[in-house]
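1. One predicted model, sequence on top.
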Amino acid sequence: MSLPQVRANWAKFTMRCAKRAPEPLRQQLLSAIPAELRAEIRAPGPLEWLPARVFVELCEAIRMGAGAAGARAFWRQSLRDAIRQPFIQPLARGALFLWGKTPSALVRRTPQAWQRVSRNCGELKAIESGNESSITLRVEQLPAACRRQGLLLMWEGGLSSQLDAVDTAGTVTLQAEQFATLGCADFVVRWGRTP
(Lines give C-alpha, C1' and ligand atoms only; values in the text may rest on other atoms or scores of the structure.)
Protein backbone atom coordinates (compact mmCIF):
# COMPACT_ATOMS: atom_id res chain seq x y z
CA MET A 1 0.00 0.00 0.00
CA SER A 2 1.22 3.51 -0.78
CA LEU A 3 2.32 5.83 1.99
CA PRO A 4 -0.51 8.00 3.43
CA GLN A 5 0.33 11.65 2.78
CA VAL A 6 -1.04 15.13 3.44
CA ARG A 7 -0.26 18.37 1.61
CA ALA A 8 2.28 20.46 3.47
CA ASN A 9 0.22 23.62 2.98
CA TRP A 10 -2.53 22.27 5.25
CA ALA A 11 -0.12 21.57 8.10
CA LYS A 12 1.51 24.98 7.55
CA PHE A 13 -1.89 26.70 7.59
CA THR A 14 -2.77 24.88 10.82
CA MET A 15 0.47 26.08 12.43
CA ARG A 16 -0.33 29.67 11.38
CA CYS A 17 -3.77 29.30 12.97
CA ALA A 18 -2.21 28.02 16.20
CA LYS A 19 0.17 31.00 16.29
CA ARG A 20 -2.77 33.41 15.80
CA ALA A 21 -5.05 31.76 18.36
CA PRO A 22 -6.08 33.92 21.33
CA GLU A 23 -4.33 33.44 24.65
CA PRO A 24 -4.26 31.21 26.63
CA LEU A 25 -5.13 28.79 23.79
CA ARG A 26 -2.14 29.95 21.73
CA GLN A 27 0.33 29.07 24.45
CA GLN A 28 -1.40 25.75 25.19
CA LEU A 29 -1.18 24.74 21.53
CA LEU A 30 2.36 25.92 20.85
CA SER A 31 3.76 24.33 23.99
CA ALA A 32 2.16 20.98 23.00
CA ILE A 33 3.62 20.93 19.47
CA PRO A 34 7.16 19.49 19.61
CA ALA A 35 9.97 21.45 17.95
CA GLU A 36 10.85 18.44 15.77
CA LEU A 37 7.30 18.32 14.45
CA ARG A 38 7.36 22.04 13.67
CA ALA A 39 10.63 21.56 11.78
CA GLU A 40 9.09 18.75 9.69
CA ILE A 41 6.16 21.02 8.81
CA ARG A 42 8.40 23.98 7.99
CA ALA A 43 10.84 22.09 5.70
CA PRO A 44 8.80 21.27 2.55
CA GLY A 45 7.26 23.68 0.06
CA PRO A 46 3.51 24.32 0.39
CA LEU A 47 2.40 21.92 -2.37
CA GLU A 48 4.75 19.11 -1.42
CA TRP A 49 3.47 16.04 0.37
CA LEU A 50 4.22 15.21 4.00
CA PRO A 51 3.75 11.80 5.59
CA ALA A 52 0.21 11.78 7.01
CA ARG A 53 1.84 10.88 10.33
CA VAL A 54 3.04 14.51 10.58
CA PHE A 55 -0.48 15.93 10.26
CA VAL A 56 -1.95 13.31 12.59
CA GLU A 57 0.73 14.10 15.19
CA LEU A 58 -0.16 17.78 14.82
CA CYS A 59 -3.85 16.95 15.41
CA GLU A 60 -2.89 14.92 18.48
CA ALA A 61 -0.70 17.73 19.83
CA ILE A 62 -3.62 20.14 19.45
CA ARG A 63 -5.85 17.68 21.34
CA MET A 64 -3.27 17.25 24.09
CA GLY A 65 -2.64 20.98 24.41
CA ALA A 66 -6.23 22.18 24.33
CA GLY A 67 -8.24 19.16 25.45
CA ALA A 68 -11.08 17.72 23.38
CA ALA A 69 -13.41 20.74 23.65
CA GLY A 70 -10.59 23.21 22.99
CA ALA A 71 -9.38 21.19 19.99
CA ARG A 72 -12.90 21.11 18.52
CA ALA A 73 -13.16 24.88 18.96
CA PHE A 74 -9.71 25.42 17.43
CA TRP A 75 -10.57 23.32 14.37
CA ARG A 76 -13.94 25.03 14.05
CA GLN A 77 -12.21 28.39 13.70
CA SER A 78 -9.27 27.10 11.67
CA LEU A 79 -11.40 25.29 9.10
CA ARG A 80 -13.83 28.21 8.91
CA ASP A 81 -10.79 30.26 7.85
CA ALA A 82 -9.61 27.47 5.51
CA ILE A 83 -12.82 27.71 3.46
CA ARG A 84 -11.57 31.14 2.34
CA GLN A 85 -8.12 29.87 1.31
CA PRO A 86 -7.31 29.67 -2.45
CA PHE A 87 -6.86 25.90 -2.31
CA ILE A 88 -10.37 25.19 -0.93
CA GLN A 89 -12.41 28.32 -1.72
CA PRO A 90 -13.37 27.22 -5.28
CA LEU A 91 -14.86 23.99 -3.89
CA ALA A 92 -16.89 25.83 -1.27
CA ARG A 93 -18.08 28.44 -3.76
CA GLY A 94 -19.04 25.75 -6.28
CA ALA A 95 -20.93 23.74 -3.65
CA LEU A 96 -22.97 26.76 -2.57
CA PHE A 97 -23.70 27.61 -6.21
CA LEU A 98 -24.82 24.06 -7.06
CA TRP A 99 -26.78 23.16 -3.93
CA GLY A 100 -27.60 26.47 -2.26
CA LYS A 101 -26.49 28.02 1.01
CA THR A 102 -26.98 24.95 3.20
CA PRO A 103 -24.68 22.84 5.37
CA SER A 104 -25.48 19.92 3.08
CA ALA A 105 -23.85 21.70 0.15
CA LEU A 106 -20.54 22.06 1.98
CA VAL A 107 -20.61 18.53 3.39
CA ARG A 108 -21.17 17.17 -0.13
CA ARG A 109 -17.91 18.83 -1.24
CA THR A 110 -15.88 17.74 1.79
CA PRO A 111 -14.80 14.46 0.11
CA GLN A 112 -13.32 16.49 -2.77
CA ALA A 113 -11.51 18.77 -0.34
CA TRP A 114 -10.09 15.67 1.39
CA GLN A 115 -8.82 14.41 -1.99
CA ARG A 116 -7.05 17.73 -2.56
CA VAL A 117 -5.21 17.69 0.76
CA SER A 118 -4.54 13.97 1.26
CA ARG A 119 -3.71 10.81 -0.61
CA ASN A 120 -3.86 7.19 0.50
CA CYS A 121 -5.71 8.41 3.61
CA GLY A 122 -8.96 6.54 3.24
CA GLU A 123 -12.11 7.86 1.70
CA LEU A 124 -14.78 10.34 2.71
CA LYS A 125 -18.36 10.07 1.49
CA ALA A 126 -21.35 12.36 1.91
CA ILE A 127 -24.37 10.17 2.68
CA GLU A 128 -27.79 11.73 2.10
CA SER A 129 -30.31 10.98 4.84
CA GLY A 130 -33.50 11.63 2.91
CA ASN A 131 -34.13 14.50 5.32
CA GLU A 132 -33.34 17.99 4.05
CA SER A 133 -31.94 19.04 7.43
CA SER A 134 -29.32 16.32 7.94
CA ILE A 135 -26.44 14.62 6.15
CA THR A 136 -23.69 12.21 7.19
CA LEU A 137 -20.00 12.47 6.41
CA ARG A 138 -18.58 8.94 6.41
CA VAL A 139 -14.89 8.14 6.83
CA GLU A 140 -13.86 4.74 5.46
CA GLN A 141 -10.62 2.77 5.22
CA LEU A 142 -8.54 5.28 7.15
CA PRO A 143 -5.05 3.77 7.52
CA ALA A 144 -4.24 2.41 10.98
CA ALA A 145 -1.51 5.02 11.54
CA CYS A 146 -4.11 7.79 11.12
CA ARG A 147 -6.69 6.42 13.55
CA ARG A 148 -6.17 8.93 16.32
CA GLN A 149 -8.65 10.92 18.39
CA GLY A 150 -7.11 14.22 17.24
CA LEU A 151 -8.15 13.55 13.64
CA LEU A 152 -11.74 12.87 14.70
CA LEU A 153 -11.78 16.19 16.57
CA MET A 154 -10.48 17.92 13.44
CA TRP A 155 -13.40 16.57 11.40
CA GLU A 156 -15.92 17.42 14.13
CA GLY A 157 -14.68 20.99 14.34
CA GLY A 158 -14.54 21.26 10.56
CA LEU A 159 -18.15 20.18 10.15
CA SER A 160 -19.22 22.68 12.80
CA SER A 161 -17.38 25.35 10.81
CA GLN A 162 -19.47 24.42 7.77
CA LEU A 163 -22.62 25.13 9.78
CA ASP A 164 -21.07 28.50 10.71
CA ALA A 165 -20.16 29.24 7.10
CA VAL A 166 -23.83 29.27 6.14
CA ASP A 167 -25.01 30.93 9.38
CA THR A 168 -26.93 27.84 10.51
CA ALA A 169 -27.23 26.43 14.01
CA GLY A 170 -26.88 22.68 14.25
CA THR A 171 -25.09 19.71 15.74
CA VAL A 172 -22.40 17.24 14.74
CA THR A 173 -22.70 13.77 16.29
CA LEU A 174 -19.83 11.29 16.02
CA GLN A 175 -20.41 7.56 15.64
CA ALA A 176 -17.00 5.89 15.77
CA GLU A 177 -17.46 2.36 17.13
CA GLN A 178 -15.36 0.91 14.27
CA PHE A 179 -12.78 3.67 14.08
CA ALA A 180 -9.91 1.88 15.85
CA THR A 181 -10.49 -1.49 14.16
CA LEU A 182 -11.62 -0.58 10.62
CA GLY A 183 -10.87 3.13 10.23
CA CYS A 184 -14.57 3.96 9.83
CA ALA A 185 -16.58 6.76 11.43
CA ASP A 186 -19.79 8.66 10.73
CA PHE A 187 -20.35 12.32 11.49
CA VAL A 188 -24.08 13.08 11.47
CA VAL A 189 -24.72 16.76 10.80
CA ARG A 190 -28.18 18.09 11.73
CA TRP A 191 -29.58 21.58 11.52
CA GLY A 192 -32.93 23.31 11.73
CA ARG A 193 -35.85 21.13 12.70
CA THR A 194 -35.58 17.37 12.29
CA PRO A 195 -38.44 14.93 12.86
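-> Nice, thanks for sending it over.
2. List the buried residues for the helix or strand hosting Arg76?
-> Secondary-structure assignment from DSSP states H and E places Arg76 in helix 52-82. Residues 52-66, 70-80, 82 are the ones in helix 52-82 that count as buried (16 or more other C-beta atoms under 10 Å). For the C-beta atoms, the positions are set from N, CA and C on the backbone; glycine is no exception.
3. likewise stretch 110-128?
-> Using 16+ other C-beta under 10 Å as the burial criterion, the residues of stretch 110-128 that qualify are Thr110, Pro111, Ala113, Trp114, Val117, Ser118, Cys121, Gly122, Leu124, Ala126.
4. now do the same end-to-end measure for it.
-> 13 Å (C-alpha to C-alpha, to the nearest Å).
5. what ranges do the strands span in this structure?
-> For the chain, the strands defined by DSSP state E occupy 5-7, 49-51, 118-119, 123-128, 134-140, 170-175, 185-191.
6. Quick one: mean pLDDT for the first one?
-> If I follow you right, that is strand 5-7. In this model, strand 5-7 has an average pLDDT of 96.
7. Now do that strand: which elements does it pack against?
-> Other elements packing on strand 5-7 under the criterion 3 or more C-beta pairs under 8 Å, 6 or more residues apart in numbering; DSSP states H and E are strand 49-51, helix 52-82, helix 103-117, strand 118-119.
8. Identify whichever of those lies nearest to Gln149.
-> Of all those, helix 52-82 sits nearest to Gln149, with 5.9 Å by C-beta to C-beta.
9. And that closest one, what does it pack against?
-> Under the contact definition 3+ C-beta pairs under 8 Å, 6+ apart, helix 52-82 sits against strand 5-7, helix 8-20, helix 25-32, helix 35-42, helix 149-165.
10. JSON lines for these, including distance to Ser104?
-> Formatted as JSON lines, those follow (distance: least, C-beta to C-beta, whole Å):
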{"stretch": "strand 5-7", "distance to Ser104": "26"}
{"stretch": "helix 8-20", "distance to Ser104": "24"}
{"stretch": "helix 25-32", "distance to Ser104": "30"}
{"stretch": "helix 35-42", "distance to Ser104": "33"}
{"stretch": "helix 149-165", "distance to Ser104": "9"}
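11. now the ones you listed as JSON lines including mean neighbour count?
-> Listed next are the helices and strands packed on helix 52-82 as JSON lines, based on neighbours: other C-beta atoms under 10 Å:
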{"stretch": "strand 5-7", "mean neighbour count": "21"}
{"stretch": "helix 8-20", "mean neighbour count": "18"}
{"stretch": "helix 25-32", "mean neighbour count": "16"}
{"stretch": "helix 35-42", "mean neighbour count": "14"}
{"stretch": "helix 149-165", "mean neighbour count": "22"}
